[in-house]
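Colleague: Next come a sequence and a model predicted from it.
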Amino acid sequence: MATNEEKIKIASGFIKAAPPGEINDVFNDVRALVDDDELFTGSIMNAVEEYNTEELATVTVTGEDGKTFEVLVSKHGQIENDRFLDPKRNQTFKLDHLRQTVSDIEPHTVDEDIEELRKVIEAHAEEYVADRYAEGVSAIYGSNGVITVAIVHNRYSPSNYWNGRWRSVWTLDTATNAVKGALKCKVHYYEDGNVQLETSKDVEDKLSKFSTEPHKVIAKAFVDLIAAAELKYQTALNESYRDLADDTFNGLRRALPYTRTKVDWNKILTYRIGAELSAK
């Protein structure tokens, strides 16, 4: 019998590997398998917190005017285990990681040394996200001389048996002009099977514009770099998976048997092999 430590490790692994849009389903299934709520209120809940921050979960926040808006959850804006920063509105909120509900909204003191540049980059980044991602959500953080741009785009289509998520996180060190990016794509397709794609790419570059130039010049150069790198990555993905379908998979197995028709397993006895098996 597995020890509690082994149960926690296995269950946490399942939760952190949950496909996009399916964390609740995985959580409930794992909870039923472990059958120990005491474990879930402790160590296994840490996996849910890690999943939310790593996958850039989005939550709905209601403003003072009653309007709602989407806010991104990220370790770059994590103040405590359950408190996160909304940099656009300079406020923090408490998050229920399991229910993904927001409460206890408080004002936040910004880093004045970098806030002006952060706001200009935020404006350029939001324009880019609105243009390139149909349902994208972004958050731009600024602290200790570093600007971080986090982008997530979720597309859920359970009626068609697929869900997908694009994530990218970019940092700009204003002291050295060094740019680092981490791009990740995860897709789950589960009609008549279970196929998952998970791919990532790291980028390192340097901004050609220096901190002595106007903020709008730096912001445009930074966002242009992001746009070019993400387009290059997406184009490479499209090409590689087109080749995978046309060449690699065909080399592994035939799409259809020699008869050029799919086997109807409900009528297996009408096939010759089925007749031979039934005779034995």
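Modeller: That came through fine. Numbering: from 1, shown residues only.

Colleague: mind listing what's buried in stretch 109-124?
Modeller: Buried positions in stretch 109-124, judged by neighbour count with 16 or more other Cβ atoms under 10 Å: 110, 114, 117-122, 124. Placement of C-beta: from N, CA and C, glycine included.

Colleague: Okay, strands next: where are they in this structure?
Modeller: Taking DSSP state E as the criterion, the chain carries its strands at 58-62, 68-72, 78-80, 83-86, 91-96, 101-107, 136-143, 146-157, 162-173, 178-189, 195-206.

Colleague: I'd assumed Lys94 was in contact with Arg83.
Modeller: Yes. Using Cβ atoms under 8 Å, Arg83 is in contact with Lys94, at 5.4 Å.

Colleague: So for these two, which residues contact both of them?
Modeller: Taking Cβ atoms under 8 Å, 6 or more residues apart in numbering as the contact rule, Arg83 and Lys94 both touch Asp104.

Colleague: Pipe the strands of the chain into a markdown table and attach distance to Ala236, mean pLDDT and mean neighbour count per row.
Modeller: Putting the strands of the chain into a markdown table (distance: least, Cβ to Cβ, whole Å; pLDDT from 0 to 100; neighbours: other Cβ atoms under 10 Å) gives the following:
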| stretch | distance to Ala236 | mean pLDDT | mean neighbour count |
| --- | --- | --- | --- |
| strand 58-62 | 26 | 91 | 16 |
| strand 68-72 | 26 | 93 | 17 |
| strand 78-80 | 31 | 91 | 13 |
| strand 83-86 | 33 | 96 | 21 |
| strand 91-96 | 35 | 94 | 18 |
| strand 101-107 | 37 | 93 | 12 |
| strand 136-143 | 20 | 96 | 22 |
| strand 146-157 | 18 | 96 | 20 |
| strand 162-173 | 14 | 96 | 20 |
| strand 178-189 | 10 | 95 | 18 |
| strand 195-206 | 8 | 93 | 13 |
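
Colleague: Export those strands to TSV and append columns for distance to Arg242.
Modeller: Putting the strands of the chain into TSV (distance: least, Cβ to Cβ, whole Å) gives the following:
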stretch	distance to Arg242
strand 58-62	30
strand 68-72	31
strand 78-80	38
strand 83-86	39
strand 91-96	40
strand 101-107	41
strand 136-143	24
strand 146-157	20
strand 162-173	17
strand 178-189	15
strand 195-206	14
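
Colleague: now Lys201, nearest residue through space, not along the chain?
Modeller: Leu183 (4.8 Å; Cβ to Cβ, 6 or more residues apart in numbering).

Colleague: Let me see the contact set for the one you found.
Modeller: 166-168, 200-203, 229-230, 233.

Colleague: Any idea what it is bridged to?
Modeller: For Leu183, the beta-bridge partners are Ser168, Lys201 (DSSP bridges).
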